[in-house]
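1. I'll drop the sequence and a predicted model, then ask my questions.
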Number of protein chains: 2
Amino acid sequence: MLAVLLAIGTQTGLCQENLWWKTPTTSPEVNANNTVTFRLKAPKAVKVEVVGDFLKNGEKAEMTEGENGIWEYTTPTPLNPELYSYAFMMDGLKINDPSNVFISRDVVTMSNLFLIDGKESNLYKVQDVPHGSVNRVWYHSNKLGADRRLTIYTPAGYETNKQSYPVLYLLHGSGGDEDSWTTLGRAAQIMDNLIAQGKAKPMIVVMTNGNAALQATWGEAPAGFVTPTIELPKVTDGSFEDAFPEIVSFVDKAYRTIAKKQKRAIAGLSMGGFHSMQISKEYPAMFDYVGLFSASARFKGKGESHVYNNCEGKIRKQFAQKPSLYWIAIGKDDFLYEQNQQFRKFLDDNKCPYTYVESEGGHIWRNWRNYLSEFVPLLFK
Amino acid sequence: MLAVLLAIGTQTGLCQENLWWKTPTTSPEVNANNTVTFRLKAPKAVKVEVVGDFLKNGEKAEMTEGENGIWEYTTPTPLNPELYSYAFMMDGLKINDPSNVFISRDVVTMSNLFLIDGKESNLYKVQDVPHGSVNRVWYHSNKLGADRRLTIYTPAGYETNKQSYPVLYLLHGSGGDEDSWTTLGRAAQIMDNLIAQGKAKPMIVVMTNGNAALQATWGEAPAGFVTPTIELPKVTDGSFEDAFPEIVSFVDKAYRTIAKKQKRAIAGLSMGGFHSMQISKEYPAMFDYVGLFSASARFKGKGESHVYNNCEGKIRKQFAQKPSLYWIAIGKDDFLYEQNQQFRKFLDDNKCPYTYVESEGGHIWRNWRNYLSEFVPLLFK
């Protein structure tokens, strides 16, 4: 029947308007030796380049025109196992690869994705292991006066067993939202794989939207299909941190959690690291595990919220209650590196024990996926 | 703090690699009178056109180059309230709009989306009403020998109340998957809005993957980031239909359903309509409501599955049990129109009562969203 459907569809042009059944060419192609070939069919283009995070920052790789107007570029050396993103520059215009339907948004940057198999990227792949669920669910915030969306990972088996689970609250950075950790962050795959390998305890992961003025990620809120921006009101002004216990209350009511400090963790990247630091010190009886990934490790946000009053004193009080883990990770090239060293000095001076991880690289998703993969096995032991 | 972050990020280029903070231009722009302006900044392009489902099938609208290399096209007349998709043709190359992050896949066609507000499209919008959850959850199929993914909508309040709900099983067409109804189908918005308006009963909606050879939508299965195709084995060969009761068993175990025929519906578009017809007649004690949207209304699939044996007799047996609703909808221009008339003749000849809806247009999502919006209010009365 499929063949009939197709034949009729192709003849009449009626089988879904403007629909392609084939990509224009094969791109990207991961070759046997882990070099990668990119192709773009653009017979009329004058210059086509590849940009991507496998190249040095800002570098462009020039493509060469071959037969049938297909431009091509193959990386000169194999790429390391990793999840990569890229786009094309065609005569100066940045476009996505029309042959690759895997695409992800970071603020307004749309990038195509590909993955090089191997030990380092195995955690990011959908493996043949039991899979948890990823749920988009709405809670009501009285303090923020809005219904707001959460992304909630529940471990494999949650729907059909009766167990209760510890909870990790996992926060995004500036420009991100409740979708970021499950798209570029690969959080569901990382959790599935670490749990299947026995390296992490089964847990619920709650991914919030840390932009207090937003109800949900772009396009999923009553505001409609509006263009994303990071120039938002109510970001790091204390409102999100102040209203955070509403999320914990909702999650403890809506899911089978173990609702106590010893079974709660909070971690975040960049702005989410700032939020994790502020929230965990504001509610010291709430979280026993704290993770700061490339955090903006500052005591003050914007404006005069009570959340930012006497941050130093509150952190000392938090550490007096001996959290099981306070984990800080930063890349050597991160623009927040120096700030993290200042924060470490404060913790050292105040005899607040923490774990410190210093990685290569900067303020990038590659590091945040790694940090999550290292942090999660340390939780709820 | 945000300002500081941004300033540093921009200076050093370190604040997430290859990241844009602004789109190149504003596109699309819905004007006050519901005309729409599309823009593409492409100074070196020779010819740029818009293609999209607001144009007549196959038509292209030529754009005009203005200042700063920005090409522009404004529709000559206002567009009707609807969800539309489009792309650009730049010197013959089909590309997505780099200024619009809202994009959806249909097989391998990536299209940008926009919505014209109004009465007809109000159901497709995220309105300020209570929102249900959309869950990606995995079940195990013994018959298909694989873990497989479902998309499950639960109505607002499900997580925190104790109620049990009726269930609609909602099936996609050829080339689609368990994501299709929540992306181009806008099923979550349609359900939220119909329930909030009191026009539909709160219900659970289970969206399956009807390609028996696939575990999940492209990129979300162990196969990895492989290019989508509709040339799949085990499509309409009876395996999906035969294994369907496993899904119902899982859903009845994992969710608070009212597990009886009177509280179960099944509906699908195109191939999913074929599946709905086959499954409902194969298990006549399972579903009391059946919806065929632009269905491939045939008695036989491919190959010699027992599912397709004596289809006519099984349908007579199904109708002998008096289903509450058997609902058939088809567009006047649909390439399956004639087939649906033949199926109606069979039902008429056999005195099998059904409801028939004939709409304008063809085999397109616009119709399927409408059919869903008309069908759901008729369920579980």
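-> That came in fine, so what should we check first? Numbers count the residues shown, from 1 in each chain, chains lettered A, B, ... in the order given.
2. List every C-alpha atom in the helix or strand containing residue A:110, with coordinates, as CSV.
-> Per DSSP states H and E, residue A:110 falls inside strand A:109-116. The C-alpha trace of strand A:109-116 is given here as CSV (Å, rounded to 0.1, in the frame of the first residue of the first chain):
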residue,chain,number,x,y,z
THR,A,109,21.4,30.1,16.7
MET,A,110,20.1,27.0,14.8
SER,A,111,22.8,24.4,14.4
ASN,A,112,22.8,21.0,12.8
LEU,A,113,24.0,18.1,14.9
PHE,A,114,26.1,15.0,14.4
LEU,A,115,27.8,12.5,16.7
ILE,A,116,31.1,10.7,16.5
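3. buried stuff in the helix ranked longest in chain A?
-> In chain A, taking DSSP state H as the definition, the longest helix is helix A:239-254. Along helix A:239-254, these residues count as buried under the neighbour rule (16 or more other CB atoms under 10 Å in any protein chain shown): A:239, A:240, A:241, A:242, A:243, A:244, A:246, A:247, A:248, A:250, A:251, A:254. Quick note: C-beta positions are derived from backbone N, CA and C, even for glycine.
4. How about stretch A:158-173?
-> A:158, A:159, A:165, A:166, A:167, A:168, A:169, A:170, A:171, A:172, A:173.
5. elements contacting the longest helix of chain A?
-> strand A:133-141, strand A:146-154, strand A:167-171, strand A:204-207, helix A:271-282 (3 or more CB pairs under 8 Å, 6 or more residues apart in numbering or on different chains; DSSP states H and E).
6. now that helix, how far from the chain's geometric center?
-> Centre-to-centre, helix A:239-254 and its host chain are 20 Å apart (CA atoms, centre = their mean, to the nearest Å).
7. relative to helix A:271-282, how tilted is it?
-> 80 degrees (axes from the mean of the first three to the mean of the last three CA atoms, to 10 degrees).
8. Point to the helix or strand of chain A where mean pLDDT is at its lowest.
-> helix A:2-12 (a mean of 34; mean pLDDT, DSSP states H and E).
9. Next SSE downstream of that one?
-> Next element after helix A:2-12 (DSSP H and E): strand A:29-30.
10. quick one: low-confidence ranges for the stretch 51-200 of chain A?
-> Across the stretch 51-200 of chain A, nothing is flagged by pLDDT under 70.
11. ranges for the strands of it?
-> A:61-62, A:64-65, A:70-74, A:82-90, A:93-95, A:103-106, A:109-116, A:133-141, A:146-154, A:167-171 (DSSP state E, counting those that start in this stretch).
12. that older thread, could you please name the strands the strand holding residue A:110 pairs with and the direction of each pair?
-> Sheet pairing for strand A:109-116, assigned by DSSP bridges, gives strand A:82-90 (antiparallel), strand A:103-106 (antiparallel).
13. CA atoms of the last one as PDB?
-> Pointing back at strand A:103-106 there. In PDB, the C-alpha atoms belonging to strand A:103-106 read as follows (Å, rounded to 0.1, in the frame of the first residue of the first chain):
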ATOM      1  CA  ILE A 103      19.000  20.600  14.500                       C
ATOM      2  CA  SER A 104      19.000  22.400  17.800                       C
ATOM      3  CA  ARG A 105      18.500  26.000  18.900                       C
ATOM      4  CA  ASP A 106      20.700  27.900  21.300                       C
END
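14. Run through who's touching it.
-> With contacts defined as CB atoms under 8 Å, 6 or more residues apart in numbering or on different chains, strand A:103-106 is touched by A:85, A:96, A:110-113, A:175-176, A:180, A:183-184, A:218, A:228, A:365, B:16, B:19, B:101, B:103, B:110.
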